[in-house]
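Engineer: Make a model of this:
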Amino acid sequence: MSNEELEAVQAVLDRVTSYQDGAPEGTVEQELRDGFAEAGVTVSDDDVRKLADAVESEHGAVSAADVLG
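Structural biologist: This is a model prediction of the structure:
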């Protein structure tokens with residue numbers, strides 16, 4: 001993943017994390033997918049699930065580089 005793609009992933013992740021605390025299961029994953037589609041970034045299903053799991057378990061800032069690295 002290029003630096004530009006990682007920055008776009010992090011921007012989507014930050015946006016979703018900021019308003020998804022306590023969201024029903026599955027909502028975070030769908031919001032991430034929608035955000036990545038809007039940003040034009042391709043993220044594998046496995047990576048989307050990893051990011052969604054991190055958002056749901058951390059309840060705070062999540063680093064895309066740490067989760068995907």
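Engineer: Every contact and neighbour count from this point should use C-alpha atoms.
Structural biologist: Fine.
Engineer: could you point out where this structure is predicted with low confidence?
Structural biologist: Under the criterion pLDDT under 70, the flagged ranges of the chain are 21-22.
Engineer: can you give me the helices for it?
Structural biologist: Listed in chain order, the helices of the chain (DSSP state H) span 3-19, 27-39, 45-58, 64-68.
Engineer: now the ones you listed in a markdown table, with mean neighbour count?
Structural biologist: Listed next are those as a markdown table, based on neighbours: other C-alpha atoms under 10 Å:
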| stretch | mean neighbour count |
| --- | --- |
| helix 3-19 | 17 |
| helix 27-39 | 17 |
| helix 45-58 | 17 |
| helix 64-68 | 13 |
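Engineer: Please state the offset of stretch 40-53 from the chain centre?
Structural biologist: Here stretch 40-53 is found 7 Å from its chain centre; the criterion is C-alpha atoms, centre = their mean, to the nearest Å.
Engineer: Let me fix that, I meant to ask about stretch 9-18.
Structural biologist: Distance of stretch 9-18 from its chain centroid, counting by C-alpha atoms, centre = their mean, is 6 Å.
Engineer: Wait, Phe36 touches Gln10, no?
Structural biologist: No - using C-alpha atoms under 8 Å as the test, Phe36 is too far from Gln10 to be in contact (9.9 Å).
Engineer: and the residue positioned nearest the centre of the chain, what does it touch?
Structural biologist: Centroid-nearest residue in the chain, with C-alpha atoms, centre = their mean: Leu13, separated by 3.7 Å. Residues in contact with Leu13 (C-alpha atoms under 8 Å, 6 or more residues apart in numbering) are Leu32, Leu51, Val62, Ala64.
Engineer: Thanks again, I'm all set now.
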